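A.B. asks: no FASTA, just this:
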């Protein structure tokens, strides 16, 4: 399964409007909850994401955060994404602010897929050119197209 199969325009927000860590996480959770018709459980999902964030920041560096959590409220692995209009202090490992977010939620039984998706996203986002193209995407459909193109290129470059 590819990242672009897990990501849909309904789960991408450009721009994220909040300018703090809690606010951006809340905005991403609410986006995914709405897309997945889980609005009544939004607070529970947010708590799971925040509890994971308190263990260690998911700001992985280079302006990217990969917040994620185990969550039995989602039926399968769910991915959401967003681009912040302004840099957000996210306690990232490199100390730099974050603008590019990918949120992953999965039930316990999908942890293998969850870990593969985290790995795939972090590997793709090592490319500065891809991060720049995602940051420049004007809207959610364009963001998803950039991900699809990057994955197609990565697959075609495999030996």
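C.D. replies: Right, received. Where do you want to start? A quick note: this is a predicted structure, and the numbers were derived from the prediction, not measured.

A.B. asks: and the spatially most central residue of the chain, what is it in contact with?
C.D. replies: Ranked by distance to the mean C-alpha position of the chain (C-alpha atoms, centre = their mean), the top residue is residue 102 at 0.9 Å. Residue 102 makes contacts with 64-67, 79-81, 121, as judged by C-beta atoms under 8 Å, 6 or more residues apart in numbering. Backbone N, C-alpha and C define where each C-beta goes, glycine included.

A.B. asks: and the helix or strand where it lies, which strands flank it?
C.D. replies: For residue 102, the host element (DSSP states H and E) is strand 98-106. Sheet pairing of strand 98-106 (DSSP bridges) gives strand 64-65 (parallel), strand 68-70 (parallel), strand 78-88 (antiparallel).

A.B. asks: Distance from the chain centre to the last one, please.
C.D. replies: The chain centroid and the centroid of strand 78-88 are separated by 7 Å, computed with C-alpha atoms, centre = their mean, to the nearest Å.

A.B. asks: for this structure, where's the lowest mean pLDDT among helices and strands?
C.D. replies: helix 3-6 (a mean of 88; mean pLDDT, DSSP states H and E).

A.B. asks: So, low pLDDT: which residues of the chain?
C.D. replies: 158-159 (pLDDT under 70).

A.B. asks: biggest helix in it by residues?
C.D. replies: helix 140-156 (DSSP state H).

A.B. asks: ok and that one relative to strand 78-88, angle-wise?
C.D. replies: Between helix 140-156 and strand 78-88, the angle comes out at 110 degrees (axes from the mean of the first three to the mean of the last three C-alpha atoms, to 10 degrees).
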